[in-house]
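> Let me see the structure of the following:
(chains A and B)
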Amino acid sequence: MSVGSSVAVLIPTPLRKYTAGESRVSAEGSTIAEVIDSLNAQFPGIKDRICEPDGEIRRFVNIFVNGENARQLDGAATGLNAGDEVGIIPAMAGGN
Amino acid sequence: MATEIESFFLPAAMRQEITAHARQESPRECCGLISGRDGALTELYRMTNTYEGIDFYRIDDMDLYRLYTDLDAKGDEIAVIYHSHPVSVAYPSSRDVEYAAWSDPVYVICSLEDQESPVLRAFRIVDDLITELAIN
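Numbers count the residues shown, from 1 in each chain, chains lettered A, B, ... in the order given. Okay, the predicted model is just below:
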């Protein structure tokens, strides 16, 4: 694992208003938390939609690393390698 | 001045499929997605509700990720998110609004409150604001 790895981040439609409509962007970091900070530096405000104030991934947002749910890995501390694909997908939920 | 209500075309076969799914899952809530392209609905996907109780739904996260990335790669979009209200009206609940993170798709709700006459209604939920669409 190298510090400052560049990863591809898939941006879901609800968050594309932060990325000027881009569906896939690059970000730097060796963990999910670092990548989210890198995203927030490029697209201010996006972090609040993904993370709780303590930096953990919001309960109704999922982050996938090469298809694996980060919640089943190390959450925001999950390590990343250059070229990894990070997908951010808000949950779809509701109730009556 | 009266505001014109936006209309929303939901093919009869999809309406029947949503109602059938709702009946099959009752008393639990059913949930699913309809993909779209260029404003037309393309395919309905029944999704798994991973919530174990009867008064909430959460689409299986992994299935959602897989379907979303497949659709996105093809240039399709998620046009509709549907779910059922087995014992209440076809109107977004406070929790439906609270968890409506996706603002582009239309939310379709199937009520089985009157089991003989299911009711389907469609809404946009954007920034906690509910706007009903006329299904035709």
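> Surely A:S26 touches A:S6?
Yes. Using C-beta atoms under 8 Å, A:S26 is in contact with A:S6, at 5.5 Å. (Glycine included, C-beta is placed from N, CA and C.)
> which residues do the two both contact?
In terms of C-beta atoms under 8 Å, 6 or more residues apart in numbering or on different chains, A:S26 and A:S6 are not both contacted by any residue.
> what's in contact with the helix or strand A:I36 falls within?
Per DSSP states H and E, A:I36 falls inside helix A:32-42. With contacts defined as C-beta under 8 Å, 6+ apart, helix A:32-42 is touched by A:7, A:9, A:25, A:27-29, A:46-47, A:50-51, A:55, A:57, A:63, A:65, A:70, A:75-78, A:80, A:86.
> ditto for stretch B:13-31
Contacts for stretch B:13-31 (C-beta under 8 Å, 6+ apart): A:92, A:95-96, B:32, B:34, B:41, B:44, B:46-49, B:51, B:53-59, B:81-87, B:108, B:110, B:112, B:118, B:120, B:135.
> List buried residues within those.
A:92, A:95-96, B:32, B:34, B:41, B:44, B:46-47, B:49, B:51, B:54-59, B:81-86, B:108, B:110, B:112, B:118, B:120 (16 or more other C-beta atoms under 10 Å in any protein chain shown).
> To which secondary structure element type does B:D63 belong?
helix (DSSP: H, G, I helix; E, B strand; the rest coil).
> Neighbours of it, how many?
B:D63 has 14 neighbouring residues, counting by other C-beta atoms under 10 Å in any protein chain shown.
> What does the pLDDT read for it?
Looking at B:D63, its pLDDT reads 97.
> That one and chain A, how far apart?
10 Å (C-beta to the nearest C-beta, to the nearest Å).
> Work out for me the element A:R49 sits within.
If you go by DSSP H and E, A:R49 is part of helix A:46-50.
> ditto for B:I81
strand B:77-85.
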